[in-house]
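Colleague: Mind looking at a prediction? Sequence and model below.
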Amino acid sequence: MMDGDSFAHRAYHALPKTMRRGDGGPGNALIGFTNMLLRLWQDERPRTVLVAWDTLDVPTYRHTALESYQSGRVFDAELLEQLDLLPGLAASPGFACAKDAGYEADDFLASAVAFEEHNGGEALVATSDRDAFQLASEHTTILQPARGAAPVRIGPSEVRERYGVDPRQVPDFIALRGDPSDRIPGARGIGEKRAADLLAQFGSLEAMLSDGRFQAEADALRLYRHIATMDRAAPLPQLPDVTPDWAAAAEHARGLGLPGMAGRFEEACTWT
């Protein structure tokens, strides 16, 4: 599973904006995303691939429930143009894509993990979003991109090492600590270490509230936890085993005016 928006943003800000398509339109996010997708496929050879996307022009229940959620985010017009093109590009080799109003990419990743684990499989989740640490388990590994190196593999022990909490406690941890990137305020006066210490002592946010902690903030903290929790019931496309059609992807890339990208896909046709 791959967080399409996460990798698109990473590519857009890492590569020069002088990378253009044949018609002069922007191409750096498309090119960088493709390179990441191909590298992940070559390294991992999964049975199937799901690329998950946000819908930026329709608010989710999170935005409706918390006015400040993700407020102030402004995306360059050239990034938005490429975000419109990327789902079609990602689907061109035959990969599944998930994008639906009211859901975020995170939700589709969580739903796909639940599907795979329920069916006795193992999942890899490629994303730079640490909220996804809540998905880490014996059967699910987070692949966190690292500049100039192989992705860092995050399992339950790595989550505990980094944050001092279990994966299942990550939404409670976010609710207490807050998340500046998503504009989730958190509990007053509670930082990362104190949030981890409280969860080690009580086990959950709900147990703290039952003990009389944070009574003035109880409703807000429950809302923050709900917002931080990925929706494991988000609707999914079919996820059958797939053999990528790199030739079709190359043709799609040429249609976008990116012959170099088409060549990368054609090179992938020779992989065994």
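Modeller: It's in.

Colleague: From Tyr224, how far off is Val159?
Modeller: Noted for Val159: a distance of 19 Å to Tyr224, by Cβ to Cβ, to the nearest Å. All C-beta spots, glycine's among them, are computed from the backbone N, C-alpha and C.

Colleague: Which of those two has more residues huddled nearby?
Modeller: More crowded of Val159 and Tyr224, by other Cβ atoms under 10 Å: Tyr224, with 28 against 24.

Colleague: What does the pLDDT read for that one?
Modeller: Note for Tyr224: predicted pLDDT of 95.

Colleague: does it really touch Gly178, like I thought?
Modeller: Yes - counting by Cβ atoms under 8 Å, Tyr224 touches Gly178, with 7.5 Å between them.

Colleague: Check the contact lists of those two and give me the overlap.
Modeller: Residues touching both Tyr224 and Gly178 by Cβ atoms under 8 Å, 6 or more residues apart in numbering: Ile184, Pro185, Gly186.

Colleague: The closest residue to the last one other than its chain neighbours and Ala187, how far apart?
Modeller: With Cβ to Cβ, 6 or more residues apart in numbering as the criterion, Gly186 has its nearest non-adjacent residue at 2.3 Å, and that residue is Gly178. Gly178 sits 8 Å away from Ala187 when distances are taken as Cβ to Cβ.

Colleague: And for Glu122?
Modeller: Glu122 sits 35 Å away from Ala187, going by Cβ to Cβ.

Colleague: Now, of the shared contacts of Tyr224 and Gly178, which are buried?
Modeller: When these are checked for burial by 16 or more other Cβ atoms under 10 Å, the buried set is Ile184, Gly186.

Colleague: Which residues does the helix ranked longest in the chain contact?
Modeller: Taking DSSP state H as the criterion, the chain has its longest helix at helix 28-44. Contact with helix 28-44 is made by 2, 4, 7-12, 14-19, 21, 49, 51, 79, 82-83, 85-86, 89-90, 124, 126, 143, 145, 150-151, 244, 253, 256, 258, 260-261, 264-265, 268, 271, as judged by Cβ under 8 Å, 6+ apart.

Colleague: Give me the buried stretch members for stretch 203-213, please.
Modeller: For stretch 203-213, burial by neighbour count (16+ other Cβ under 10 Å) applies to Leu205, Met208, Leu209, Arg213.

Colleague: With adjacent residues omitted, what lies nearest to the second one?
Modeller: Excluding the flanking residues, the one nearest Met208 by Cβ to Cβ, 6+ apart is Phe202, at 4.7 Å.

Colleague: so that neighbour touches Asp211, yeah?
Modeller: Yes - contact status for Phe202 versus Asp211: in contact at 6.6 Å, counting by Cβ under 8 Å.

Colleague: List the contacts of Gly260.
Modeller: Contacts for Gly260 (Cβ under 8 Å, 6+ apart) come out as Ile31.

Colleague: Lowest-scoring secondary structure element of this protein by mean pLDDT?
Modeller: helix 61-65 (a mean of 88; mean pLDDT, DSSP states H and E).

Colleague: quick revisit: so how far is the longest helix of the chain from its chain's centroid?
Modeller: 15 Å (Cα atoms, centre = their mean, to the nearest Å).

Colleague: Can I get it in CSV? Just the C-alpha atoms.
Modeller: Provided in CSV are the C-alpha atoms of helix 28-44 (Å, rounded to 0.1, in the frame of the first residue of the first chain):
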residue,chain,number,x,y,z
ASN,A,28,8.6,16.9,-11.3
ALA,A,29,6.0,15.3,-9.0
LEU,A,30,5.0,12.8,-11.7
ILE,A,31,8.6,11.9,-12.4
GLY,A,32,9.6,11.6,-8.7
PHE,A,33,6.5,9.7,-7.8
THR,A,34,7.2,7.2,-10.6
ASN,A,35,10.8,6.7,-9.5
MET,A,36,9.6,5.9,-6.0
LEU,A,37,6.9,3.6,-7.2
LEU,A,38,9.2,1.6,-9.4
ARG,A,39,11.9,1.4,-6.7
LEU,A,40,9.4,0.1,-4.1
TRP,A,41,8.1,-2.5,-6.6
GLN,A,42,11.5,-3.7,-7.5
ASP,A,43,12.6,-4.0,-3.9
GLU,A,44,9.5,-5.6,-2.4
